[in-house]
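[1] Have a look; sequence and predicted model below, questions after that.
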Amino acid sequence: MEVEGTVLRGRAFEPIEGRVVVEDGKIVAVEETTTDADAIVCPAFVNAHTHIGDSIAKEAGRDLSLDELVAPPDGLKHRLLRDASTAEKVAAMRRSLRFMERSGTAATVEFREGGVEGVEAIREALQGLDIEATVLGRETTAAMEAGDGFGASGARDADFTAERAATREAGKPFGIHAGERDAEDLTPALDLDPTFLVHVVHPEPAHLERIERGGVPVVVCPRSNLVTGVGVPPMAELLDRTTVALGTDNVMLNSPSMFREMEFAAKVGGVGAVDVLRMATVNGAELVGLNCGLIEPGRAAKLLVLDGDSDNLAGVRDPVRAVVRRAGVDDVDRVVL
């Protein structure tokens with residue numbers, strides 16, 4: 001298979017006119033050549049932090065605080081999840097996953113509530129779809145063992161020392177929410193030596209130094225943070241210190257559209273387009289060991305092909321800025337997964 005157009009090549013997303021050559025699901029060549037194609041070809045997205053289970057409750061909880069919305073065990077989200085049947089949750093997750101796939105997302109890193117049953121539910125929802133999910137089980141070590149790792153709610157909620165040790169012993173990733181509403185839980189979260197932190201809206205200088213010194217990646221979810229009223233993470237400062245990836249967080253709060261998340265990060269967070277596209281692709285992939293997120297030989301062929309002649313994109317002068325700041329689901333021509 002060959003995909004032609006303006007190809008955003010390599011880690012710098014250098015725009016070249018040419019084609020991507022794919023064999024057996026892998027990119028084998030990226031060739032510069034003249035072409036009549038109007039397409040913009042970029043890596044498919046990796047959504048580095050989602051809670052897809054609360055797809056049953058989109059836009060619920062108007063005017064509630066962060067704790068009232070999502071804090072375990074009795075935040076609105078958790079009460080609604082307890083009241084929903086497994087079949088309802090599977091059906092709702094599947095619709096969100098289909099939307100993510102159609103809008104160019106190749107993979108997601110999912111914090112999955114509900115223990116082992118929750119892990120099994122998203123596996124069922126994924127059946128027959130091409131989008132991948134790294135499923136981090138929550139609440140119990142058994143959920144970690146059933147899934148691909150452990151996703152901790154936050155160090156203020158419980159002591160996760162035993163779960164961290166078990167996850168390390170299993171050789172799986174351990175992610176934890178930290179610094180979302182204030183800085184209080186950042187030090188205990190870093191003490192767990194996590195694979196990555198999520199949110200980090202309120203880091204203090206000592207936390208930033210530890211993050212940089214330890215090379216701890218951070219996943220930011222700026223739209224979610226704004227919706228819950230906790231602020232916006234210092235994305236530019238974090239990028240100066242460590243690897244930063246991008247996630248859309250709870251489907252309850254936001255559409256799982258990476259286009260919307262990228263535009264927000266670029267325009268509100270003041271982050272350059274190349275950095276944002278890296279946050280939305282390769283940085284998330286490398287967080288959990290996926291071989292996608294870049295267009296270069298040897299990578300998995302997970303590609304997003306945009307119609308560069310759409311009414312929205314025709315005439316763009318900077319394809320990377322166009323993908324990050326302007327493009328949307330309506331501009332997707334096809335997704336190669």
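    Structure's in. What do you need?
[2] Could you pull up phi and psi at Thr108?
    Comment: the main-chain dihedrals of Thr108 come out as phi -140, psi 150, following degrees, to the nearest 10.
[3] Ignore what I typed, I meant Glu31.
    phi -110, psi 130.
[4] Would you tell me which strand is longest in the protein?
    Ranked by residue count and defined by DSSP state E, the top strand of the chain is strand 14-23.
[5] what sits against Asp182?
    His202 (C-beta atoms under 8 Å, 6 or more residues apart in numbering). All C-beta spots, glycine's among them, are computed from the backbone N, C-alpha and C.
[6] pretty sure it is in a strand, no?
    No. The assignment for Asp182 by DSSP: H, G, I helix; E, B strand; the rest coil gives coil, which leaves it out of any strand.
[7] can you give me phi and psi for the residue nearest to Asp307 when sequence neighbours are not counted?
    Among residues not flanking Asp307 along the chain, Asp333 sits closest, at 4.4 Å (C-beta to C-beta, 6 or more residues apart in numbering). Note on Asp333: its backbone torsions stand at phi -90, psi -50 [degrees, to the nearest 10].
[8] so who does Asp333 touch?
    If you count contacts by C-beta under 8 Å, 6+ apart, Asp333 has them with Ala39, Val305, Leu306, Asp307.
[9] and it, what pLDDT?
    According to the predicted model, the pLDDT of Asp333 comes to 97.
[10] what's the distance between it and Glu296?
    Distance from Asp333 to Glu296, counting by C-beta to C-beta, to the nearest Å: 21 Å.
[11] One more: Asn225?
    When C-beta to C-beta is applied, the distance between Asn225 and Glu296 equals 32 Å.
[12] Neighbour count: these two, which is higher?
    Between Asn225 and Glu296, counted using other C-beta atoms under 10 Å, the more crowded position is Asn225 (22 against 15).
[13] Could you grab the helix/strand/coil label for that one?
    When the structure is reduced to helix, strand and coil (three-state DSSP), Asn225 reads as helix.
[14] hang on, it packs against His199?
    Yes. Taking contacts as C-beta atoms under 8 Å, Asn225 lies within contact range of His199: 6.7 Å.
[15] where exactly do the strands run in the stretch 201-337 of the chain?
    With DSSP state E, counting those that start in this stretch, the ranges of strands along the stretch 201-337 of the chain come out as 218-220, 244-246, 249-250, 303-306, 332-336.
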